[in-house]
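Asks: Structure, please.
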Amino acid sequence: MSIRRKIIEYSRGSNLEHFWRLYRWQKQISSGFLHDVLTFLMSRCAYRHGGYIGPDAVIKGRPVLPHGLQGIFISRYASVGEGCRIYQNVTIGEVNRKAPVVGNRRSLSHRCGGGAHRGYPYRRPGEDRSRRRGPYRRPG
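Replies: Numbers count the residues shown, from 1 in each chain. Presented below is the predicted three-dimensional model:
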């Protein structure tokens, strides 16, 4: 990442590098005092950015957060696949300690409606939309 990009992210307050470093480190340590300290620091960092990611949430890779962590709530029982794009004001909640599993390369926004737990595959720039198939294709 270029220095210019780092300065822009820092000035916006959306620099989550420290948070993801704490998250990965916390996942490597199984239990004990250090695990509890890392969980505390991770939760405080997420709170400072205006969101919440549960300490036991499974996040593969690093999700794309265009608006930072602002308004995002991910339950401690949730699982998020690789390359997911999560927009502002998204809640991946739980019911009776069961939470949805979001697949790889999904896009979640507050407008997903009833299918929010699955999300929609997002389109890369230049990708042909007519080739998209499957049950999660956007209407229209």
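Asks: tell me the phi and psi of the residue at minimal distance from the centre of the chain?
Replies: Ranked by distance to the mean C-alpha position of the chain (Cα atoms, centre = their mean), the top residue is P63 at 4.8 Å. When read as degrees, to the nearest 10, the backbone of P63 gives phi -70, psi 160.
Asks: can you pull the contacts of the closest residue to it other than its chain neighbours?
Replies: Of all residues not flanking P63 in the chain, C84 sits nearest, at 4.6 Å (Cβ to Cβ, 6 or more residues apart in numbering). Yep, even glycine has a C-beta here, placed from its N, CA and C like the rest. C84 is in contact with 61, 63-64, 102, 104-108, 119, counting by Cβ atoms under 8 Å, 6 or more residues apart in numbering.
Asks: measure the residue nearest to H49 when sequence neighbours are not counted to W20 for me?
Replies: Distance criterion Cβ to Cβ, 6+ apart; nearest residue to H49, sequence neighbours excluded, is L69 at 3.9 Å. As judged by Cβ to Cβ, to the nearest Å, L69 and W20 stand 10 Å apart.
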